[in-house]
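A.B. asks: next one to model:
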Amino acid sequence: MLRVRRLLQQAFAKSGLLASGVVVGPSKKRRLLLLLLAMFHLSGLFSSLDALMSSRTAQGSIAWIVSLNTFPYVAVPAYWIFGRSRFQGYVISRQETDSDLFIKHQLKASGAEPFILHTERERGSLQAVERLAKMPFLTGNNAELLIDGQATFASIFAGIAAAKDYVLVQFYIVRDDNLGRQLQQLLIQKAQQGVAVYFLYDEIGSYRLPHRYTSALASAGVRVRPFHSTKGPGNRFQLNFRNHRKIVITDGYTGWLGGLNVGDEYLGEDPRYGAWRDTHLKLSGPAVLALQLSFVEDWYWSTETIPALHWQVQAAEQGNIPILILPSGPADRFETASLMMQHALHTAAQRIWIASPYFVPDEGTLAALKLAALRGVDVRVLIPEQTDNLLVTQAAYAFIGPLLDAGVKIYRYHKGFLHAKSFLVDERLSAVGTVNLDNRSFRLNFEITALMLDEAMNKQLEQQFLADFSHSRMMSRSELKARYWWQRAIARGAHLMAPIL
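C.D. replies: From the prediction side, this is the model:
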């Protein structure tokens, strides 16, 4: 913007509009207005060049270029707040942590090499996601499926209470309500016992969290930091990047991740949402170190420090599940979350069932959904009857019709609000994490997913899907045809807003 200002000063100084930085002439207000309009149009031009070079899709580039040059007065501020799709500063931060941590490049030093999955048949079909994660599947793990808020937070709180050395906590949303204060008091108790406690939250997702909440934690010795998605000169006005991860780790051995944030609504106690249907996961074993690495990279971005943690591999006391922890986000070279989902769809032979509260997939995922159904795979997508986002609810109608035509089954969950983010492929692969089936999760949010190769876990998740399907209705083509033309127009308009939904 400084360069734009200098160019404007040079251009208008010759025409007499500027003299020593002050507008002169008989029509000061008019000339000032012209100057502001010119600044907006020049800003739109320079911003459109940035959009041309940085937008991840051709459609996104075209949309921004047209709007930035046609309506710069609205589009320029919107672009610098919502327009960017790559978090450049975090790329450098990750490179710095990689040079100090061994987990990605020095598995021998950690003792993890004996736990690397070496089955050639499975490795061949999973090589793509391993390369996306820059980590192999690790065996020696145990996984416990946690259904809904009561079971999840009972498990998390018990794990924190048992921690001896440190606790790592990271959430997208933290509320200062009953559940939030229970977590706060437990973390304060652990810090007072001499346990190192690290608390990382997303300042946009937790914008309602009062200062008294975090200051009470800090006063007790808890290391508290916001993620700082606006950190760095290139991100100062950017509100589009969010850290959507939900992670808890104790002593480098036990970890939790999944769909639940910290708030009373996640226990089903908010009348606005009603019953809250969600899925979380408890892990123990070598895979927890990969989960821990994700936290450390985020912590380093926020603080430029690396906490002293345990990195020696320990097998779980029971279980031998191969697990891959797959972080994804706008600092990745590839669109990791989208490619993960497309890979799962392309490799499915018998079935793929997907649960997501938001359904605004990108073109690649839409094509993969259709192709899977057309080749005879049982493709089912479970979404809520109503979401907490009206635009998302309407946008889903824009492309459900062609999916139904291809044979994809769309279920609408009506027993409360479905917030689970999970999928299963055939009879062995299953996944639980934070990724929604939408553009924000695919391109703009920092997310994390646990991929598990285990028939028993796949069966457990299958039983939960079947229970959810029993509280859902399957959509039909006739339902879409019965919608009025203006409802279809609203759906198409909402779909245009997909990049910022």
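A.B. asks: contacting residues for L186?
C.D. replies: F157, I160, A161 (Cβ atoms under 8 Å, 6 or more residues apart in numbering). To be clear about C-beta, it is placed using only N, CA and C from the backbone, and glycine gets the same treatment.
A.B. asks: buried subset of those residues?
C.D. replies: I160 (16 or more other Cβ atoms under 10 Å).
A.B. asks: of all the contacts of L186, which comes closest to L309?
C.D. replies: I160 (15.7 Å; Cβ to Cβ).
A.B. asks: you'd agree that closest one is up against Q185?
C.D. replies: No: here I160 lies out of contact with Q185, judged by Cβ atoms under 8 Å, at a distance of 10.9 Å.
A.B. asks: just to revisit the earlier point, possible to save the contacts of L186 as JSON lines with secondary structure?
C.D. replies: Shown next, in JSON lines, are the contacts of L186 (DSSP: H, G, I helix; E, B strand; the rest coil):
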{"residue": "F157", "secondary structure": "helix"}
{"residue": "I160", "secondary structure": "helix"}
{"residue": "A161", "secondary structure": "helix"}
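A.B. asks: make a markdown table from the contacts of L186 and add pLDDT to it.
C.D. replies: Output for the contacts of L186, formatted as a markdown table (pLDDT from 0 to 100):
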| residue | pLDDT |
| --- | --- |
| F157 | 98 |
| I160 | 98 |
| A161 | 98 |
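A.B. asks: which one of the contacts of L186 is nearest to K481?
C.D. replies: F157 (49.2 Å).
A.B. asks: now do the contacts for the closest one.
C.D. replies: Contacts of F157 by Cβ under 8 Å, 6+ apart are Q182, L183, L186.
A.B. asks: give me the subset of those lying in helices.
C.D. replies: Among those, the members falling in helices (DSSP state H) are Q182, L183, L186.
A.B. asks: need the pLDDT of the residue nearest to D378 when sequence neighbours are not counted.
C.D. replies: Leaving aside its chain neighbours, D378 sits nearest to R351 (3.9 Å; criterion: Cβ to Cβ, 6 or more residues apart in numbering). Note on R351: pLDDT of 98.
A.B. asks: surely R351 meets R428?
C.D. replies: No: contact criterion Cβ under 8 Å: R351 and R428 do not qualify, at 11.3 Å.
A.B. asks: could you verify that P330 is part of a strand?
C.D. replies: No: P330: not assigned to a strand; according to three-state DSSP it is coil.
A.B. asks: report how many residues lie close to it.
C.D. replies: 24 (other Cβ atoms under 10 Å).
A.B. asks: what of A482?
C.D. replies: 9.
A.B. asks: for H414, same thing?
C.D. replies: 13.
A.B. asks: what separation do you get for it and R473?
C.D. replies: Look at H414 and R473: by Cβ to Cβ, to the nearest Å, they are 7 Å apart.
A.B. asks: now for those two: what residues contact both?
C.D. replies: With Cβ under 8 Å, 6+ apart as the test, H414 and R473 both reach E385.
A.B. asks: okay, now the unreliable bits of this structure?
C.D. replies: 1-26, 51-61, 63-64, 73, 75, 78-110, 120-124, 229-239, 494-501 (pLDDT under 70).
A.B. asks: go again using 80 as the cut-off
C.D. replies: 1-31, 33-38, 40-41, 43-112, 118-125, 229-240, 387-396, 484-501 (pLDDT under 80).
A.B. asks: okay, domains of it per the record?
C.D. replies: Following automatic domain parsing, one gets these domains for the chain: 2-83, 88-125+136-322, 336-500.
A.B. asks: mind giving me the packing neighbours of the helix ranked longest in the chain?
C.D. replies: Criterion DSSP H: the longest helix present in the chain is helix 28-54. Contact analysis of helix 28-54 by 3 or more Cβ pairs under 8 Å, 6 or more residues apart in numbering; DSSP states H and E lists helix 2-14, strand 22-23, helix 58-70, helix 72-78 as its packing neighbours.
A.B. asks: ok, now with 6 Å
C.D. replies: helix 2-14, helix 58-70, helix 72-78 (3 or more Cβ pairs under 6 Å, 6 or more residues apart in numbering; DSSP states H and E).
A.B. asks: residues contacting whichever strand or helix holds Q463, please?
C.D. replies: Element membership for Q463 (DSSP states H and E) is helix 455-469. Outside of helix 455-469, the residues within contact range by Cβ atoms under 6 Å, 6 or more residues apart in numbering are A143, L145, W353, L382, Y411, Y413, L424, E427, R428, S430.
A.B. asks: output the host helix or strand of the last one as PDB, nothing but the C-alphas.
C.D. replies: Looking back up the chat, that one is S430. Per DSSP H and E: S430 is located in strand 429-433. Taking Å, rounded to 0.1, in the frame of the first residue of the first chain, the C-alpha atoms of strand 429-433 are listed here in PDB:
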ATOM      1  CA  LEU A 429      -9.900 -47.600   7.000                       C
ATOM      2  CA  SER A 430     -11.700 -45.000   9.200                       C
ATOM      3  CA  ALA A 431     -11.000 -41.400  10.100                       C
ATOM      4  CA  VAL A 432     -12.000 -38.900  12.800                       C
ATOM      5  CA  GLY A 433     -10.900 -35.300  12.900                       C
END
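A.B. asks: next one: it to chain centre, how far?
C.D. replies: Put simply, strand 429-433 sits 15 Å off its chain's centre (Cα atoms, centre = their mean, to the nearest Å).
A.B. asks: adjacent strands (with direction) for that strand?
C.D. replies: Within its sheet, and counting by DSSP bridges, strand 429-433 is paired with strand 422-425 (antiparallel), strand 445-453 (antiparallel).
A.B. asks: quick one, which of those strands gets closest to A133.
C.D. replies: That would be strand 445-453 among the strands paired with strand 429-433, by Cβ to Cβ, at 8.6 Å.
A.B. asks: quick one, the closest one and helix 455-469 angle?
C.D. replies: 120 degrees (axes from the mean of the first three to the mean of the last three Cα atoms, to 10 degrees).
A.B. asks: what does strand 445-453 rub up against?
C.D. replies: 143, 242-245, 257, 281, 294, 321-329, 337, 428-435, 441.
A.B. asks: and for stretch 240-258?
C.D. replies: So stretch 240-258 is contacted by 82, 87, 156, 159, 163-165, 167-172, 202, 204-205, 227, 229, 279-284, 288, 291-292, 295, 309-310, 314, 330, 432, 434, 444-448 (Cβ under 6 Å, 6+ apart).
A.B. asks: so which of these sit within strands?
C.D. replies: If you go by DSSP state E, these have 167-171, 279-284, 432, 445-448 in strands.
A.B. asks: of those - the most surrounded one?
C.D. replies: F446 (29 neighbours).
A.B. asks: quick check: nearest residue in space to that residue, chain neighbours excluded?
C.D. replies: That would be G329: by Cβ to Cβ, 6+ apart, it lies 3.7 Å from F446.
A.B. asks: what's the burial count for that neighbour?
C.D. replies: 27.
A.B. asks: so W353 sits in a strand?
C.D. replies: Yes: under three-state DSSP, W353 falls within a strand.
A.B. asks: right, and it touches V381 too?
C.D. replies: No: contact criterion Cβ atoms under 6 Å: W353 and V381 do not qualify, at 8.0 Å.
A.B. asks: before I go, just wanted to say thanks for your time.
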